[in-house]
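Undergrad: With the input below, show me the fold.
(one chain, ligands or ions: 1)
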Amino acid sequence: LRLGKFLVMNRRERTFTAIKPDAVHRGLVGEIISIFERKGYKLVGLKLVLPDRKLAENHYSELRDKPFFPDLVDFISSGPVVAMCWEGKDVVRTARKLLGATNPLESEPGTIRGRYGIDIGRNVVHSSDAVTTAEREIQLWFTEHELVDWDPAVARWVYE
Ligand code: UDP
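TA: Alright, predicted model coming up:
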């Protein structure tokens, strides 16, 4: 019974994923959402945002000393950004795999960045790099009532 409960809790992992302004301008929003949907993940939060500089700086605060930080903040706050929260088993790690390596030069061709990106500063998507980062980023971008708890009818066809 305890194992059963663990397995159900395991499916409740959440990550913060964002479609960056380059991808919104290029009309890749539907395509990127589809990749997560078809994989079997559950969308629990979704909105189009024009982030202010404060939000962009806060989101990337760990990178504030990097030389590319000012350009990164300019780019993200130029918007629009599609902010998403996805839920499911191992979603943090799997989302990073779906995205591919940070530099599109190194991303596998089947990944989102591998398929749609060329330059590192226009790499199409973001997704949290760890469960603790995901918790921080979800709180930063969403309020509690913007996250929807629901049960997809197909769950038993996605999970064994
Ligand atoms: N970035 C950049 N130049 C670099 C390294 C990173 O413009 O030399 C940007 C890039 O868009 C990346 C973001 O900064 O997605 C955050 O960098 P991080 O190392 O956290 O990579 P990520 O977690 O996005 O793969």
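
Undergrad: so who does the closest residue to residue 39 other than its chain neighbours touch?
TA: Nearest residue to residue 39, sequence neighbours excluded (C-beta to C-beta, 6 or more residues apart in numbering): residue 98, at 6.8 Å. All C-beta atoms are positioned from the backbone trio N, CA, C, and that covers glycine. By C-beta atoms under 8 Å, 6 or more residues apart in numbering, the contact set of residue 98 is 35-36, 39, 111-112, 127.

Undergrad: Name the helix or strand of this protein that has the lowest mean pLDDT.
TA: helix 2-10 (a mean of 72; mean pLDDT, DSSP states H and E).

Undergrad: Tell me the strands beside whichever helix or strand comes after that helix, with direction?
TA: Heading C-terminal from helix 2-10, the first helix or strand you meet, by DSSP states H and E, is strand 14-19. Here strand 14-19 has these sheet partners by DSSP bridges: strand 81-87 (antiparallel), strand 125-127 (antiparallel).

Undergrad: hmm, stretch 13-27 in reach of the ligand?
TA: No: Stretch 13-27 does not reach the ligand (C-beta under 6 Å from any ligand atom); its nearest approach is 7.3 Å.
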